[in-house]
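build the 3D model from these lines:
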Amino acid sequence: MAEKFDSLEEHLEKFIENIRQLGIIVSDFQPSSQAVLNQKLNFMISGLQDVEKCRQQLHEINVPLEVFEYIDQGRNPQLYTKECLERALARNEQVKGKIDTMTVKPP
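Predicted coordinates for the structure are as follows:
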């Protein structure tokens, strides 16, 4: 499964770099750079096709909506996992405390 994520990550990195280069070309467009612009646009299209192929391999992956909210807020999505684990640990300690108080201990 990890190699599928690695492949997607690699394709996304290439796609982002191509978009960055495309932005540079467009921001200072000269008629002489039309061929390079066309090439970058074609790379962008093939990059989207590559991402689509990776998406089809990962269609069974579910991401909690809260992770996207973290990203939208500019927060690290790994904080979501950390906070979930901390809440689970706190809840586990509460339940353990209740079990300990209800457990009859021999005299």
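
nearest residue to residue 57 in space, please, no chain neighbours.
residue 4 (5.0 Å; C-beta to C-beta, 6 or more residues apart in numbering). C-betas here are computed from N, CA, C, even on glycine.

for residue 60, phi and psi?
Main-chain dihedrals, residue 60, degrees, to the nearest 10: phi -90, psi 0.

if we can go back for a sec, what about the residue nearest to residue 57, how many residues nearby?
For residue 4, the neighbour count with other C-beta atoms under 10 Å is 12.

mind listing residues that contact stretch 12-19?
Contacting residues not belonging to stretch 12-19 are listed as 40, 43, 44, 47, 48, 50, 51 [C-beta atoms under 8 Å, 6 or more residues apart in numbering].

for it, which positions count as buried?
15, 18 (16 or more other C-beta atoms under 10 Å).

and that stretch, how far from the chain's centre?
Stretch 12-19 sits 15 Å away from the centroid of its parent chain (C-alpha atoms, centre = their mean, to the nearest Å).

pull that stretch out as CSV, backbone CA atoms only.
Taking C-alpha atoms only, stretch 12-19 is exported to CSV below (Å, rounded to 0.1, in the frame of the first residue of the first chain):
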residue,chain,number,x,y,z
LEU,A,12,1.9,15.3,-7.2
GLU,A,13,5.4,16.7,-6.6
LYS,A,14,6.1,16.7,-10.4
PHE,A,15,2.7,18.2,-11.1
ILE,A,16,3.2,21.0,-8.6
GLU,A,17,6.7,21.8,-10.0
ASN,A,18,5.3,21.9,-13.5
ILE,A,19,2.6,24.3,-12.3
